[in-house]
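S.K.: structure of the sequence below:
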Amino acid sequence: MAFSKGDKITWNTPQGETEGTIVEKHEKEFTFDDQKFNASKDEPYYTVESSKSGKQAAHKKSALSKK
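M.R.: Next up is the predicted model:
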């Protein structure tokens, strides 16, 4: 299942499950927060924003679940 900008999603953190929103989909290599990610069409990454903190992070599609 692919995600689209604005989708409500959840993911796991060391503090427990977090909810948020898809901000952007990445299908090629990109840098986020000084870290390089090797995204591809077969294994996309998503920039997500936490509903609680408002902070953004990058995650593999496999780490996310639709809410």
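S.K.: where does the chain have low pLDDT?
M.R.: Counting by pLDDT under 70, the chain contains low-confidence ranges at 1.
S.K.: how many neighbouring residues does Thr21 have?
M.R.: Residues near Thr21, counting by other C-beta atoms under 10 Å, number 18. Placement of C-beta: from N, CA and C, glycine included.
S.K.: look up how far Lys41 lies from the closest residue to it other than its chain neighbours.
M.R.: Closest residue to Thr21 apart from its sequence neighbours, by C-beta to C-beta, 6 or more residues apart in numbering: Glu49 at 5.3 Å. Going from Glu49 to Lys41 by C-beta to C-beta, to the nearest Å gives 23 Å.
S.K.: the more surrounded of these two?
M.R.: Higher neighbour count among Glu49 and Lys41: Glu49, with 14 against 7, using other C-beta under 10 Å.
S.K.: element containing that one, please.
M.R.: strand 45-50 (DSSP states H and E).
S.K.: and that strand, what does it pack onto?
M.R.: Judged by 3 or more C-beta pairs under 8 Å, 6 or more residues apart in numbering; DSSP states H and E, strand 45-50 is in contact with strand 8-13, strand 16-26, strand 56-60.
S.K.: which one, of those strands, ends up nearest to Gln35?
M.R.: Ranking the helices and strands packed on strand 45-50 by proximity to Gln35 (C-beta to C-beta) places strand 56-60 first, at 7.5 Å.
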